[in-house]
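*Asks:* Let me see the structure of the following:
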Amino acid sequence: MRNFLLLSVLLLLSACETTPPPEPFGALPTTRQVDWHKLSYYAFIHFGPNTFTGVEWGHGDENPEVFNPSELDARQWAQTFKEAGMEGVVITAKHHDGFALWPSEYSTHTVRESEWKDGQGDVLRELAEACEEFGLKFGVYVSPWDRNHPQYGSDEYNGVFKSMLEEVLTGYGDVFEVWFDGANGEGPNGKKQVYDFPGFIDVVRTHQPGAVIFSDAGPDIRWVGNERGYADTTNWSTLNRDAFYPGIPGKNDELQHGQMGGTHWLPAEIDVSIRPGWFYHKDQDDQVKTVDHLIDIWYHSVGMNGNLLLNIPIDARGLVHENDAARLMELKAYLDDAFGYNLAQDGIGVGTHTRDWEYREDLAIDDDPETYWAQTDEAENAMYGIEFKDPREVNTILLQEYIPLGQRVTSFVIKAFVGEEWVQVAEGTTIGNRRIVRWPTVNTAAISIEMESLAPVTLSNVEMYRAPDTY
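*Replies:* Down below sits the predicted model:
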């Protein structure tokens with residue numbers, strides 16, 4: 001009996017021993033950044049006096065009465081975006097002209113001074129309520145530049161802007177993203193403003209601690225360096241953040257690619273408009289991007305370690321225009337077709353230098369983002385593959401690193417077992433939170449991913465698809 005008890009204790013102690021996870025590598029994401037990475041695709045809304053005057057950047061001297069949508073329906077916006085597969089909305093609560101889409105106590109250039117609803121309306125209120133109804137996240141763009149406010153260009157204006165920001169962040173429920181434009185020009189008094197961005201950030205952290213803050217320097221997410229909707233095949237989520245500031249010139253390449261070994265986690269958000277302009281212009285009704293163009297943008301943003309912020313300008317009626325809505329649904333139909341069935345769930349995962357049972361190969365294909373395949377500390381390269389019992393057609397793969405432990409992969413080669421030999425079908429550089437790769441369709445019994453990395457590889461998700469042959 002004594003020996004039996006001793007054996008039982010030893011077995012229990014043995015069962016309690018676990019292999020520790022890989023050491024974190026490099027700059028790491030915060031909780032709010034990890035939550036943001038779980039998103040992929042949401043709407044940008046440009047709406048304001050520019051919608052009615054036909055310009056892109058208002059001068060701040062427009063009569064606020066010009067803002068008078070005849071059929072404004074925020075529920076129509078939210079329903080359209082939800083049906084299109086979007087996850088949230090970011091609206092221009094205040095653009096450079098200074099016009100506020102809410103009745104701010106700190107400005108006389110707001111919806112309160114407009115003809116819409118006899119000055120009793122609040123666009124932010126209606127949109128926030130619609131987002132809650134349709135299960136969308138609510139975000140705000142608030143431009144520090146104000147071409148109307150008489151105090152712009154003085155020390156007092158920073159206090160005014162903080163107060164306006166506080167109104168937005170305390171009056172409309174949860175805010176998932178605050179978008180700061182770095183534009184900075186002369187105000188009505190002929191002076192430029194020295195922005196107190198540290199103070200602006202403090203206001204956000206105080207009232208919406210879970211919100212990510214966007215600018216060229218973050219501090220949470222960065223601009224991708226262009227407004228075409230394209231990240232590059234190399235897209236690091238890290239950047240030497242202290243070398244950047246909102247509106248910084250001449251840094252587009254670094255913003256587009258990120259920086260390997262950067263000091264801070266600062267992933268890219270990719271913004272682009274569905275039309276040539278950001279605000280609605282009737283003469284652009286027939287210039288909505290084609291579905292093939294939007295598909296290409298989607299793969300070069302969502303598929304290249306970024307989130308897509310697609311601008312849908314609200315028209316003068318106060319509605320998402322029929323042409324824009326139709327194109328969104330065409331994109332949704334393609335995505336449903338392309339990613340409707342994950343072939344990886346039919347396969348068996350295999351890998352080299354697997355760390356231990358707690359980090360085994362099947363954890364990369366178990367549809368659980370909190371589990372992952374990991375390698376031993378001694379591994380100098382990696383191969384992960386999926387084998388099928390019977391060959392099937394494949395042309396797309398989705399890869400995700402376990403980013404709470406950092407971004408590691410520097411390059412990869414994808415091969416398919418076709419006939420009796422391995423054939424290279426694609427290659428790339430970084431992976432990060434999400435990398436989607438396409439190639440001409442092959443009939444294969446196995447796919448392998450050969451990776452080089454800065455530290456032992458961790459893969460939280462591998463998916464494979466037979467998407468429509470659209471490039």
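
*Asks:* how about the residue nearest to the spatial centre of the chain, what does it touch?
*Replies:* The geometric centre of the chain, computed from its C-alpha atoms, lies nearest to N307 (C-alpha atoms, centre = their mean), at 2.4 Å. N307 is in contact with W36, H37, L39, S40, Y41, Y42, I221, P267, A268, E269, I270, S301, counting by C-beta atoms under 8 Å, 6 or more residues apart in numbering. All C-beta atoms are positioned from the backbone trio N, CA, C, and that covers glycine.

*Asks:* same thing but 10 Å
*Replies:* Residues in contact with N307 (C-beta atoms under 10 Å, 6 or more residues apart in numbering) are 36-42, 87-88, 177, 212, 221, 224, 231, 267-271, 301, 433-434.

*Asks:* again, but for N305
*Replies:* Taking C-beta under 10 Å, 6+ apart as the definition, contacts of N305 comprise 37, 231-237, 258, 267-268, 270, 399-401, 403, 407, 430-436.

*Asks:* Quick one, which of those are buried?
*Replies:* Burial by neighbour count, 16 or more other C-beta atoms under 10 Å: within these this picks out 37, 231-232, 234-237, 258, 267-268, 270, 399-401, 403, 407, 430-436.

*Asks:* Tell me which of those fall in helices.
*Replies:* H37 (DSSP state H).

*Asks:* circling back: kindly confirm my reading that the residue nearest to the centre of the chain is in a helix.
*Replies:* No. Going by DSSP: H, G, I helix; E, B strand; the rest coil, the assignment for N307 is strand, not a helix.

*Asks:* any idea how far it is from G26?
*Replies:* 21 Å (C-beta to C-beta, to the nearest Å).

*Asks:* With E370 instead?
*Replies:* 20 Å.

*Asks:* Neighbour count: the two, which is higher?
*Replies:* A count of neighbours by other C-beta atoms under 10 Å puts G26 above the other of E370 and G26, at 19 against 9.

*Asks:* Can you show me the helices along this structure?
*Replies:* Under DSSP H, the chain gives helices at 2-16, 31-37, 50-53, 74-83, 123-134, 155-170, 197-207, 252-257, 291-299, 322-338.

*Asks:* Identify the residues contacting P20.
*Replies:* R355, D356, E358, D377 are the contacts of P20 under C-beta under 10 Å, 6+ apart.

*Asks:* And the third one, how close does it get to R147?
*Replies:* Taking C-beta to C-beta as the measure, E358 and R147 are separated by 58 Å.

*Asks:* The two - which one has more neighbours?
*Replies:* Each of E358 and R147 has its neighbours counted (other C-beta under 10 Å); R147 has more, 23 against 13.

*Asks:* got any ranges where the stretch 51-200 of the chain has weak pLDDT?
*Replies:* By pLDDT under 70, the stretch 51-200 of the chain has no low-scoring segment.

*Asks:* where exactly do the strands run in it?
*Replies:* 88-94, 137-142, 177-179 (DSSP state E, counting those that start in this stretch).

*Asks:* Can you convert those strands into TSV and add a column each for distance to Y384 and mean neighbour count?
*Replies:* Listed next are the strands of the stretch 51-200 of the chain as TSV, based on distance: least, C-beta to C-beta, whole Å; neighbours: other C-beta atoms under 10 Å:
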stretch	distance to Y384	mean neighbour count
strand 88-94	32	26
strand 137-142	33	23
strand 177-179	33	25
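
*Asks:* Could I get those strands in JSON lines, plus columns for distance to P249?
*Replies:* Formatted as JSON lines, the strands of the stretch 51-200 of the chain follow (distance: least, C-beta to C-beta, whole Å):
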{"stretch": "strand 88-94", "distance to P249": "23"}
{"stretch": "strand 137-142", "distance to P249": "21"}
{"stretch": "strand 177-179", "distance to P249": "19"}
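
*Asks:* which one of those strands lies closest to A446?
*Replies:* strand 88-94 (38.0 Å; C-beta to C-beta).

*Asks:* For that closest one, what is the distance to the chain centroid?
*Replies:* Distance, stretch centre to chain centre, for strand 88-94: 14 Å (C-alpha atoms, centre = their mean, to the nearest Å).

*Asks:* Next, the angle from it to helix 74-83.
*Replies:* Angle, strand 88-94 to helix 74-83, by axes from the mean of the first three to the mean of the last three C-alpha atoms, to 10 degrees: 140 degrees.

*Asks:* relative to strand 137-142, how tilted is strand 88-94?
*Replies:* 30 degrees.

*Asks:* angle of strand 88-94 against helix 123-134?
*Replies:* Using the same axes, to 10 degrees: strand 88-94 against helix 123-134 is 170 degrees.

*Asks:* Can you spell out which helices and strands pack onto strand 88-94?
*Replies:* Applying 3 or more C-beta pairs under 10 Å, 6 or more residues apart in numbering; DSSP states H and E, we find strand 88-94 packed against strand 41-45, helix 74-83, helix 123-134, strand 137-142, helix 155-170, strand 177-179, strand 306-311.

*Asks:* what about the closest residue to K38 other than its chain neighbours, how many neighbours?
*Replies:* Spatial nearest neighbour of K38, chain neighbours left out: P369 (7.6 Å); criterion: C-beta to C-beta, 6 or more residues apart in numbering. Look at P369: counted by other C-beta under 10 Å, it has 15 neighbours.

*Asks:* Check whether P369 really touches Q400, as I assumed.
*Replies:* Yes. Using C-beta atoms under 10 Å, P369 is in contact with Q400, at 7.5 Å.

*Asks:* Overlap in contacts, these two.
*Replies:* With C-beta under 10 Å, 6+ apart, P369 and Q400 have common neighbours H37, S460, N461.
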